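[1] Pasting the sequence and the predicted coordinates here, then a few questions.
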Amino acid sequence: MSRETDQDWNDAFGDPRAAEYVLGTLPAEERAAFAEAMEQDRALADMTDAWASRLSAMNSVYGEIDPPSSIKASLDRRLFASSASSVASSSARPGRWWPFLGGLVSGLAVASLALLAMPLADLSPFERGEDIAGQTPQVEPSEGHRMVASLAPNESEAGFVALWEGHSRTLNFTRISGASPSEGVYEIWVIHEGADPVSLGLLPDENVAHMVMPQAHADLMTDDATLAVSHEPDGGSPTGLPTGPVVAAGHVQGI
Amino acid sequence: MAAELTSEEVAKLIVRVSLRDRQAFDRLYAATSPKLFAICIRILKDRAEAEEALQEVFVRVWTRADRFAISSQHAVGWLCTVARNHAIDRIRSRRAPTKDIDEAFDMASDDPDPERLAVLSSEGDRIDECMDELETDRAQAVRSAYVDGASYAELADRFDVPLNTMRTWLRRSLLKLRHCLEA
């Protein structure tokens, strides 16, 4: 942290880099280092967000300039074209998921899953002492639940452990085997029997990801759900349903 | 061609984009790309690069729309942040600015178009008042950094002060702004 002899900037104002990041003045290396730190540190990200809000009124000076229409066309090609041909077939038969999921066996006991998942939570409210036992009365009891899932590889090398913290709506996703795909992306899905899979977002390249879910997704994290990871084109499934192979999946279990 | 949207409508579109709704993405692009393109042009000062950057910005909007849910920023602010962050990442990793900063002032209109986004009008007043409380050159430095993406080195050069002095100026100015905005 760069805490210089700036008399009037003390700890009460947080990390000055958060303000400088938003202002945009940090040199390239510092800027990149701060962006990475922010990915790992929710407090830093919130601080930066607050500065962005404070200074956002200056955005009004930018005005508007119409971009050439060719940009949207090439954006669409980049995001959606590569898998457009698979749209019809995949959305037409979401049922192909079920034979595979029926045979799923969770290989690890719940207790050992919890142990595996625990070190990920070091930035979570849980570890900061606001324990699960309910010391956060503003949170509805139903949102305070924690669950785990072991996503076993399915004809792939990719295995994951997921820890869900309902309290902060955070899905902590840890790769325990395999690597990021060399082409395309991994996308995470939550599945309830009889319903179409719902995307929870793309899995970042990092081995450990902390993803905060919107309420609509948080509501799907119940102990009868299954989490699955599919291999999708860049930008994720263009159809809203999995289009590529399932590389790993596992049942969600309450802890 | 662009729709007139309120911040709440933009927020709903972003949430729908996070659920992979392409129609929502198309509407969001139509409504907000002129604003985000103006940001890219103003900061990058190079039209061809701004076009590349705008695409990249919307790729990020598509892939990271779920992050909007955890942001405390309002919807248009969040989009502007994605655009500014990307444009500034680009200029910071360049070896030298392609054009003189003063020349670039002429490239983008300073007049916001009131018809496209109704969101930005009321908020400018307060920050203007707070800027007025800063010394003139410091307020100019803050605006130049935020709006044009000027670096510490460029600002130090322009205001003819050592780089560390510029850094201190800006840090103190930011704190004063914060006090004023939260007063």
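    Structure received.
[2] alpha carbons only for contacts and neighbour counts from here, please
    Fine.
[3] contacting residues for the closest residue in space to residue A:248 that isn't next to it in sequence?
    Take residue A:248 and drop its neighbours on the chain: the residue closest to it by CA to CA, 6 or more residues apart in numbering or on different chains is residue A:153, 4.4 Å away. Residue A:153 is in contact with A:159, A:247, A:248, A:249, counting by CA atoms under 8 Å, 6 or more residues apart in numbering or on different chains.
[4] From chain B, how far out is residue A:153?
    24 Å (CA to the nearest CA, to the nearest Å).
[5] go on, residue A:50?
    Using CA to the nearest CA, one gets 7 Å for the distance from residue A:50 to chain B.
[6] residues touching that residue, list them.
    Contacts of residue A:50 by CA under 8 Å, 6+ apart are B:72, B:73.
[7] What strand or helix carries it?
    In the assignment (DSSP states H and E), residue A:50 maps to helix A:42-55.
[8] Please name the nearest non-neighbouring residue to the residue sitting furthest away from the middle of chain B.
    In chain B, counting by CA atoms, centre = their mean, residue B:162 sits farthest out from the average C-alpha position, at 26.3 Å. Leaving aside its sequence neighbours, residue B:162 sits nearest to residue B:156 (CA to CA, 6+ apart; 5.8 Å).
[9] From chain A, how far off is the one you found?
    Residue B:156 is 11 Å from chain A, by CA to the nearest CA.
[10] Checking that residue next. Helix, strand or coil?
    helix (DSSP: H, G, I helix; E, B strand; the rest coil).
[11] Residue A:200 now?
    Of the three states, residue A:200 takes strand according to three-state DSSP.
[12] Next one: it relative to residue A:250, how far apart?
    Residue A:200 sits 15 Å away from residue A:250, going by CA to CA, to the nearest Å.
[13] Over to residue B:69?
    Distance, residue B:69 to residue A:250, by CA to CA: 26 Å.
[14] Which residue would be the closest one in the stretch 51-200 of chain A to chain B?
    The minimum distance from the stretch 51-200 of chain A to chain B, using CA to the nearest CA, falls at residue A:63 (3.7 Å).
[15] re earlier: need phi/psi at the residue farthest from the centre of chain B.
    Torsion angles at residue B:162 (phi, psi; degrees, to the nearest 10) stand at phi -60, psi 150.
[16] ok, how many other residues are close to residue A:188?
    24 (other CA atoms under 10 Å in any protein chain shown).
[17] same check, this time on residue B:72
    16.
[18] Need phi/psi at residue A:68.
    phi -60, psi 150.
[19] Also the one 4 residues further on?
    With angles defined as degrees, to the nearest 10, residue A:72 sits at phi -70, psi -40.
[20] can you pull the contacts of it?
    Residue A:72 neighbours (CA under 8 Å, 6+ apart): residue B:55.
[21] likewise residue B:167?
    Residue B:167 sits next to residue B:152 when contact means CA under 8 Å, 6+ apart.
[22] Could you tell me whether it really is in a strand?
    No - secondary structure of residue B:167 (three-state DSSP): helix, not part of a strand.
[23] quick one: it and residue A:17, what's the gap?
    Counting by CA to CA, the gap from residue B:167 to residue A:17 is 11 Å.
[24] next one: residue B:25
    32 Å.
[25] Just to be sure, residue A:147 is in a strand?
    Yes - the assignment for residue A:147 (three-state DSSP) places it in a strand.
[26] How about it: what's its closest non-neighbour residue?
    residue A:254 (4.3 Å).
[27] All the helices of the stretch 101-250 of chain A, in order from the start?
    Ranges of helices in the stretch 101-250 of chain A, per DSSP state H, counting those that start in this stretch, are A:110-117, A:215-218.
[28] One more: chain B?
    B:7-18, B:22-44, B:47-64, B:75-93, B:101-104, B:123-132, B:136-148, B:152-159, B:163-182 (DSSP state H).
[29] Outside of the third one itself, list whatever touches it.
    Under the contact criterion CA under 8 Å, 6+ apart, helix B:47-64 has outside partners A:67, A:71-72, A:75, A:79, A:201-202, A:235-236, B:17-18, B:20, B:25, B:29, B:33, B:36-37, B:40-41, B:44, B:79, B:82-83, B:86-87.
[30] in chain B, what secondary structure element scores lowest on mean pLDDT?
    Every helix and strand of chain B was ranked by mean pLDDT, DSSP states H and E. The lowest is helix B:101-104, at a mean of 46.
[31] tally of neighbours for residue B:182?
    8.
[32] From residue B:48, how far out is it?
    Remark: distance between residue B:182 and residue B:48 (CA to CA) = 39 Å.
[33] same question, residue B:146
    For residue B:146, the distance to residue B:48 - CA to CA - is 22 Å.
[34] next one: residue A:19
    29 Å.
[35] Show me where chain B dips below the pLDDT cut-off.
    B:1-3, B:95-124 (pLDDT under 70).
[36] Now do the same contact list for the residue lying closest to residue A:197 once chain neighbours are set aside.
    Excluding the flanking residues, the one nearest residue A:197 by CA to CA, 6+ apart is residue A:191, at 4.6 Å. Residue A:191 is in contact with A:197, A:198, A:225, A:226, A:227, A:228, counting by CA under 8 Å, 6+ apart.
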